[in-house]
Each structure stands twice: as structure tokens, then as C-alpha cells.
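> next come a sequence and a model predicted from it.
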Amino acid sequence: MEEIGFLGLGIMGKAMSMNLLRHGFKLTVWNRTLSRCDELVEHGATIGESPAAVIKKCKYTIAMLSDPAAALSVVFDKDGVLEQIGAGKGYIDMSTVDAETSSKISEAIALKGGSFLEAPVSGSKKPAEDGQLVILAAGERALYDAIIPAFDIMGKKSFFLGQVGNGARMKLVVNMIMGSMMNAFSEGLVLADKSGLDPQTLLDVLDLGAIANPMFKMKGPSMTKSSYPPAFPLKHQQKDMRLALALGDENAVPMPVAAAANEAFKKARSMGLGDLDFSAVHETVASSKGST
Ligand SMILES: NC(=O)C1=CN([C@@H]2O[C@H](COP(=O)(O)OP(=O)(O)OC[C@H]3O[C@@H](n4cnc5c(N)ncnc54)[C@H](OP(=O)(O)O)[C@@H]3O)[C@@H](O)[C@H]2O)C=CC1
Ligand SMILES: O=CCCC(=O)O
């Protein structure tokens, strides 16, 4: 495949681009904090000096950015994607954003004659390193077909969900469920502990029953030790809850559980936990003062 551009080398972007390099793809990379490109360069990538420079050089460019503000800035600001996108070029945004943000980007790129695909992912740092993501794509089918060789390296399964917005919506629904679930799990761990049960035994019991899942198995043991090395930063999970609640507003779907979970993530941010893993929401329950 031709050289691919990659914008955004945070936790996910770095893991995904390293994986592409390992599988023989040629990459030109850019990151707002340029020093984060160094490790990729050591593994064979070339640096582009701006998003526009990357787009100019590459037929296809992938982005993995923190939130809607970052996704819009990289496209619309000076030296951004729009300055060089045009006929024959494709832009694939894999960041988790809302449908409105994706649509704005899609429309602007279409006006320049370029192609757009949104492709947010399920799966975190480790699945990104191992090429085990689940890719939720929507937008131009021809671009989806063209970028499949890269998706096949980054993911274990890709879905094409139709028109732009459907990928963003699917991702927000999934993360709304995940964020709500993490809060119930945190409350359960603390409830077990405070009521005299061994939290590790709770983990063993959960793992054998109908609500066993990889997330509890993976994060549970470190949560019981109050250890939260960031795989999925809590500030991004709170952003996803906020965007999912807005989607609920739009569609008049009552979501009291998700709303409560969002408050817990906001509380965790106010406690300075935003850069830790989203499982650190456990601290909002574990460290709450209370007497019986
Ligand atoms: N971590 C995870 O497990 C998963 C994350 N996601 C989603 O993927 C996206 C990236 O997540 P993750 O890698 O964890 O996040 P990080 O916070 O590790 O990285 C964010 C990236 O966005 C860049 N960025 C932030 N603001 C701007 C801006 N204004 N202009 C340009 N670049 C900017 C950062 O650049 P700089 O280095 O300069 O700060 C960095 O490259 C998010 O949308 C997240 O919700 C999806 C699935 C899993
Ligand atoms: O958006 C982040 C998703 C994290 C995960 O699916 O494990």
C-alpha cells in the first residue's frame, strides 16, 4: 500500500501507527507536541511538519485525536488538513467525537473534492498494539474499501455502518454502556470490601457468572490496589459520556444511569484523576468519607 499519513500520536495513535510500521507500512507522522514523533522515526517513520504537509504528501491520512475540539482544529486551523485535501485524497478520522463534528469535517472535505471516513474504535492501548481493535467506520464506501488493508492490520473486525455519523453514534453508545458499567463495578468492589468480603473473591465469583467480562478481569485486580495506569484516560471517558448524553437528549432517550455515571466521572476529574485510567472513577467511591 502507498505511504499513509498519521496525525496524533497519543496513547492510541502511537500504538496504532507502531503496529502499521511493524507490518511494513510506510508512514509520515505528525503530532502537535512534535517530540512524540521521535520514537516513530526511530522505527522508520518520516515526520510531516504540519497536518497540511502530511496530507500533501500522502494519498490517505489517518487521525487519532483527543476530542471534537482537537479534531476540528487539525482540519480547519492554519496549516490544517483542509489546506491540502482535494480530489484523489482520503482523510480517515478514528478519534471518538460526536456525529456533528464528523459531519462538519466530512462536508468541508467534500467541498474540496476529497473523501472522508469516520472510523472510531473499540478497544484500548493493548488491542491497538496487538491489532485487535474493532473499527466502526462510516462515510465514503470507496475510501473504506481502499483503506481496508490498514484496518486489517489495526483491527480484528471492521464494520461499515453507512452514512457519516453512524460510526460516531455507535461508538458513543458503546462507551456510554462501558462507563456506566465501570461505575456499577466500582460500587460493587467497595461494597464488598466495606461489608467485610474479600474483593478478590468477588472478582472470582463475577468471572464465573453471566456478567463475566474482559474489562472486570483486566482492571479489577489493579483497582483493588488503587492502581490506575492510563490505558483509556478518564477525561476521555467523561467526554464520551457527555457526548452520549447529548445524543440521548437529541433522541429523547431517558438515561438516568448514564447521567449518574457522568457525574461520577466529573467528580473524578475534579479530584485530579483525569489523566489516569477511567477505572480511577473507583476512587470516587473508595475514597469517600463515611461512617456507619
Ligand atoms: N485510550 C483508549 O483506550 C482509547 C481512546 N479512544 C479515543 O481515541 C482518541 C485518542 O485517545 P488517546 O490516544 O487515548 O488520547 P491521548 O490523550 O493519549 O492523545 C490525544 C492526542 O490528541 C492530540 N491533541 C489534543 N489536542 C489537540 C489539539 N488541539 N490539536 C492537535 N492535537 C491535539 C494530542 O497531542 P499532544 O501530544 O500534543 O497532546 C495527542 O496526540 C480519543 O478520542 C479517545 O476518546 C478510543 C478508543 C480507546
Ligand atoms: O474508547 C475507549 C474504549 C476502551 C475500550 O474499548 O477498552
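Thanks, I have it. Ligands and ions are numbered 1, 2, ... in the order given.
> domain map for the chain?
4-163, 169-286 (automatic domain parsing).
> nearest residue to M1 other than its sequence neighbours?
Distances taken as Cβ to Cβ, 6 or more residues apart in numbering put P149 closest to M1, at 5.0 Å, once the chain neighbours are dropped. Using the backbone N, CA and C atoms, a C-beta is placed for each residue, glycine as well.
> the one you found contacts E2, correct?
No - using Cβ atoms under 8 Å, P149 makes no contact with E2, being 10.2 Å away.
> the stretch 101-250 of the chain against ligand 2: which residues are in contact?
S122, G123, S124, N175, F232 (Cβ under 6 Å from any ligand atom).
> now do the contacts for the fourth one.
Looking back up the chat, that one is N175. Contacts for N175 (Cβ atoms under 8 Å, 6 or more residues apart in numbering) come out as T96, Q237, D240, M241, A244.
> what of the last one?
By Cβ under 8 Å, 6+ apart, the contact set of F232 is I11, S124, K125, D277, F278.
> go on, the third one?
The neighbours of S124, taking Cβ under 8 Å, 6+ apart as the test, are M12, A231, F232.
> measure it to N166 for me?
22 Å (Cβ to Cβ, to the nearest Å).
> one more: the fourth one?
As defined by Cβ to Cβ, N175 lies at a distance of 15 Å from N166.
> same deal with the last one?
In this structure, F232 and N166 are separated by 22 Å, where distance is defined by Cβ to Cβ.
> need the winner for burial among the domains of the chain.
Of these, the one with the most neighbours on average (mean count of other Cβ atoms under 10 Å) is domain 4-163, at a mean of 20.
> now that domain, how far from the centre of its chain.
On the basis of Cα atoms, centre = their mean, to the nearest Å, domain 4-163 sits 12 Å off its chain's mean C-alpha point.
> do it and ligand 1 meet?
Yes - Domain 4-163 reaches ligand 1 (Cβ under 6 Å from any ligand atom) through 8-13, 31-33, 36, 64-67, 69-70, 73-74, 95-96, 121, 124-125.
> of the contacts of S124, just say which sits nearest to H23.
Relative to H23, the closest of these is M12; by Cβ to Cβ it sits at 16.8 Å.
> let me know the pLDDT of the closest residue to ligand 2 within the stretch 1-150 of the chain.
Using Cβ to the nearest ligand atom, the closest approach of the stretch 1-150 of the chain to ligand 2 is made by S124 at 3.7 Å. S124 is assigned 96 on the pLDDT scale.
> ok, now A137?
98.
> for the protein, give me the ranges with low pLDDT.
Counting by pLDDT under 70, the chain has low-confidence residues at 289-292.
> contacting residues for F116?
G90, Y91, I92, D93, I105, S106, I109, A110, G139, E140, L143, V164.
> and the first one, bridged to which residues?
Here G90 sits in beta bridges with Y60, S115, as judged by DSSP bridges.
> surely it meets G113?
No - between G90 and G113 there is no contact, the gap being 11.3 Å when judged by Cβ under 8 Å.
> now do the SS call for the nearest residue to M170 once chain neighbours are set aside.
Distance criterion Cβ to Cβ, 6+ apart; nearest residue to M170, sequence neighbours excluded, is L136 at 4.8 Å. Secondary structure, DSSP: H, G, I helix; E, B strand; the rest coil: L136 is strand.
> just list the residues touching L136, thanks.
A119, P120, V121, S122, F159, L161, G167, M170, K171, V174.
> partners of the residue nearest to the first one when sequence neighbours are not counted in the sheet?
Going back to what we said before, that points to A119. Closest residue to A119 apart from its sequence neighbours, by Cβ to Cβ, 6+ apart: A137 at 4.1 Å. For A137, the beta-bridge assignment (DSSP bridges) gives partners F160.
> shouldn't A137 be in contact with Q163?
No - if you go by Cβ under 8 Å, A137 and Q163 don't touch, sitting 11.2 Å apart.
> got the end-to-end distance for stretch 219-232?
End-to-end distance of stretch 219-232: 11 Å, with Cα to Cα, to the nearest Å as the criterion.
> ok, is that stretch in contact with ligand 1 or not?
Yes - Stretch 219-232 is in contact with ligand 1 by Cβ under 6 Å from any ligand atom, via A231, F232.
> can you give me how far that stretch is from the chain middle?
The answer for stretch 219-232 is 18 Å, by Cα atoms, centre = their mean.
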